[in-house]
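Asks: Okay, predicted coordinates and the sequence, questions at the end:
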Amino acid sequence: MNTFISIILLSFIFSGQFFAQWEKTNFPSTLQVNSLAISDSNIFAGTEGDGIFVSTDNGENWIDRNNGLQDKVIHTIFINGKTLPAGQARIYAGTETGAYVSTNNGKSWEAINSGLSGLGVWSFAVSNFMGDSTIFAGTWNGIYSSTNNGANWEPSGLSTTMPVNSIIAHDNLMFAATLAGGVYYSQNNGFGWKDISIKVKGGLYDPDAIIPVYSLAAIDTNVIASAGPGKLYYTSFDSGNFAHSTSFGNMPILCFVMHYAKLFAGNSAGYISVSDSYGLAWKYLPPPLTNQAAYSLTLNNSYIFAGTGNGVWREQYSETATNVKNLKEAPSGFILEQNYPNPFNPSTTIKYNLPSSLQGERSGERFVTLKIYNLLGKVVATLVNEQQEPGNYEVKFNGTNLPSGVYLYRLQAGNLVSAKKLMLLK
């Protein structure tokens, strides 16, 4: 696992430039926001005791939408059917005493607790395996499943004494994390579970202490676990073995959110970070929030929203704007192309371009590495490891000695980093 520490770049340095500022929305300042979600033009915010609020104008105005909610402690909000026509998505809310659903963009809520017995619901996930759509609810007493949109729930076979605060579902494979009761893995759509808890090895007081896991995220075939204090662990969907990546310092990461191909993370000190390289490299989204925890994140094409103990904050963000920048911005000449062919067997070609100059360099030449990694972070091949001048390069990679699977290739030139995935099929 030590090899993983050396390859994941999580060295966060402020560039001194601010491309946007966090601003507080008109959400009530005294409310803690546990969950954020977006459906169509509606932004949903679930609070710690005051129910659900909705904004239709990017947070400028909020109205409470609690019609039918008997419990206003909202642990999670989940949108099922984001690609459906406007107003047809089902919006689920997990509360301290059960689950609710809305089919009219939150205007009214219906309790769906048949089989849940009033259990607190902390997380949701949906699986579309073998043509059947199943929704899973993580509760105080394990995971429950429903094949009829929550009208009835049945135990999935995982029973815990801690709330299941995060679930990831992919085909028939699932991961479930509890805050202090372990991490679990299912290979049969939730019918059976295996304990794959991340444990402290060789700890001073308890060598087998289970590390608390705050949140899970999925990037293609990768699963990332946010664990305390401030650490990340990686595995692949078809594996139950987590590898330690590196440290985010001493500040736990409390939430993840995916937006297109980018993964965003928020920690307990209000720092928001982003990765667009499958989690291999990260950068801060400057500046931080005002020294308050980010309990939840969501994005649309204009803003990133953060739920905190002091309401909802936002920062301008656009896929086409330059609000989010690298610490040392890559000149247009820094290009890592997708390998061709992909999938491949047994060889493929990787092309890249190095720019003529980088700010702060005394010459155009810099040390360049191009390496191949498996999804647990182990270096399986080093293709380039030398000083190179600016220009276009082409490298052949032969995977004859490797098993079929998904791999990552990562180019680093000075402080510039880019990564892409490739697939070997034999």
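Replies: Perfect, thanks for sending it.
Asks: Let me see the ranges of the strands in the stretch 101-250 of the chain.
Replies: Per DSSP state E, counting those that start in this stretch, the stretch 101-250 of the chain has strands spanning 110-111, 121-129, 132-139, 142-146, 154-155, 164-170, 173-178, 183-186, 194-195, 213-219, 222-227, 231-236, 243-247. These are given in chain order.
Asks: how much space is there between His170 and Lys420?
Replies: His170 sits 20 Å away from Lys420, going by Cβ to Cβ, to the nearest Å. C-beta: built from backbone N, CA, C; applies to glycine.
Asks: circling back to that earlier point, can you list the strands of the stretch 101-250 of the chain in a markdown table and add mean neighbour count?
Replies: Listed next are those as a markdown table, based on neighbours: other Cβ atoms under 10 Å:
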| stretch | mean neighbour count |
| --- | --- |
| strand 110-111 | 16 |
| strand 121-129 | 21 |
| strand 132-139 | 22 |
| strand 142-146 | 23 |
| strand 154-155 | 14 |
| strand 164-170 | 23 |
| strand 173-178 | 26 |
| strand 183-186 | 24 |
| strand 194-195 | 12 |
| strand 213-219 | 21 |
| strand 222-227 | 24 |
| strand 231-236 | 22 |
| strand 243-247 | 19 |
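Asks: Now do the contacts for Gly142.
Replies: If a contact means Cβ atoms under 8 Å, 6 or more residues apart in numbering, then Gly142 has Pro155, Ser156, Gly157, Leu158, Ser159, Thr160, Val164 as its contacts.
Asks: partners of the nearest residue in space to the fifth one that is not next to it in sequence in the sheet?
Replies: The reference is to Ser159. Nearest in space to Ser159, with sequence neighbours left out and distances taken as Cβ to Cβ, 6 or more residues apart in numbering, is Gly142 at 4.1 Å. Beta-bridge partners recorded for Gly142 (DSSP bridges): Thr139.
Asks: Report the secondary structure element holding the nearest residue to Ala413 once chain neighbours are set aside.
Replies: Taking Cβ to Cβ, 6+ apart, and ignoring the residues beside it in sequence, Ala413 has Val368 as its nearest neighbour in space, at 4.8 Å. Assessed by DSSP states H and E, Val368 sits inside strand 366-373.
Asks: Low-confidence stretches in the stretch 101-250 of the chain?
Replies: Under the criterion of pLDDT under 70, the regions of the stretch 101-250 of the chain flagged as low confidence span 130-132, 200-208, 246-250.
Asks: Now do the same contact list for the residue nearest to Ala413.
Replies: Neighbouring residues of Val368 by Cβ under 8 Å, 6+ apart: Leu354, Val384, Asn385, Glu386, Gln387, Gln388, Leu411, Gln412, Ala413.
Asks: make it 7 Å
Replies: Residues touching Val368, when contacts are defined by Cβ atoms under 7 Å, 6 or more residues apart in numbering, comprise Leu354, Val384, Glu386, Gln388, Gln412, Ala413.
Asks: re the thing from before, okay, buried residues for the helix or strand just after the strand holding Val368 please.
Replies: Toward the C-terminal end, the helix or strand that comes next after strand 366-373 (DSSP H and E) is strand 379-388. When burial is assessed from 16 or more other Cβ atoms under 10 Å, strand 379-388 yields the following buried residues: Ala381, Val384, Gln388.
Asks: And the next helix or strand past strand 379-388?
Replies: Beyond strand 379-388 on the C-terminal side, the first helix or strand identified by DSSP H and E is strand 391-398.
Asks: With adjacent residues omitted, what lies nearest to Ile210?
Replies: Ser197 (4.7 Å).
Asks: how many neighbours does that neighbour have?
Replies: By the criterion of other Cβ atoms under 10 Å, Ser197 has 17 neighbours.
Asks: Equivalent analysis for Thr160, please.
Replies: The burial count assigned to Thr160 is 20, neighbours taken as other Cβ under 10 Å.
Asks: right, and it touches Gly181 too?
Replies: Yes. Using Cβ atoms under 7 Å, Thr160 is in contact with Gly181, at 4.9 Å.
Asks: Leaving aside the residues adjacent along the chain, what's closest to Pro155?
Replies: Excluding its sequence neighbours, the residue lying closest to Pro155 (Cβ to Cβ, 6+ apart) is Tyr144, at 5.8 Å.
Asks: now do Leu216
Replies: Spatial nearest neighbour of Leu216, excluding adjacent residues (Cβ to Cβ, 6+ apart): Ser166 at 4.2 Å.
Asks: Leu31 too?
Replies: Thr47 (4.7 Å).
Asks: And the helix or strand harbouring the one you found, what does it pack against?
Replies: Element membership for Thr47, per DSSP H and E: strand 42-47. Contact partners of strand 42-47 among helices and strands, from 3 or more Cβ pairs under 7 Å, 6 or more residues apart in numbering; DSSP states H and E: strand 33-39, strand 52-55, strand 74-80.
Asks: who touches it?
Replies: Residues beyond strand 42-47 that count as contacts (Cβ under 7 Å, 6+ apart) turn out to be 27, 31-37, 52-56, 59, 74, 76-77, 91, 93, 105-106, 298, 305, 307, 312.
Asks: tell me the angle that strand makes with strand 33-39.
Replies: Angle, strand 42-47 to strand 33-39, by axes from the mean of the first three to the mean of the last three Cα atoms, to 10 degrees: 160 degrees.
Asks: Sheet partners, orientation included, of strand 42-47?
Replies: The sheet places strand 42-47 alongside strand 33-39 (antiparallel), strand 52-55 (antiparallel), with pairing taken from DSSP bridges.
Asks: Make CSV from the ones you listed and add mean pLDDT to it.
Replies: Conversion of the strands paired with strand 42-47 to CSV gives the following (pLDDT from 0 to 100):
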stretch, mean pLDDT
strand 33-39, 95
strand 52-55, 98
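Asks: So which of those is nearest Lys262?
Replies: strand 33-39 (15.0 Å; Cβ to Cβ).
Asks: buried set for the closest one?
Replies: By neighbour count, with 16+ other Cβ under 10 Å as the criterion, the buried positions of strand 33-39 are Val33, Asn34, Ser35, Leu36, Ala37, Ile38, Ser39.
Asks: can you tell me which residues contact the closest residue to the fourth one other than its chain neighbours?
Replies: The shortest distance from Leu36 to any residue that is not its chain neighbour, by Cβ to Cβ, 6+ apart, is 4.0 Å, and that residue is Thr298. Counting by Cβ under 7 Å, 6+ apart, Thr298 touches Leu36, Ala37, Ile38, Ile43, Val257, Phe305.
Asks: can we see that at 6 Å?
Replies: By Cβ atoms under 6 Å, 6 or more residues apart in numbering, the residues touching Thr298 are Leu36, Ala37, Ile38, Val257, Phe305.
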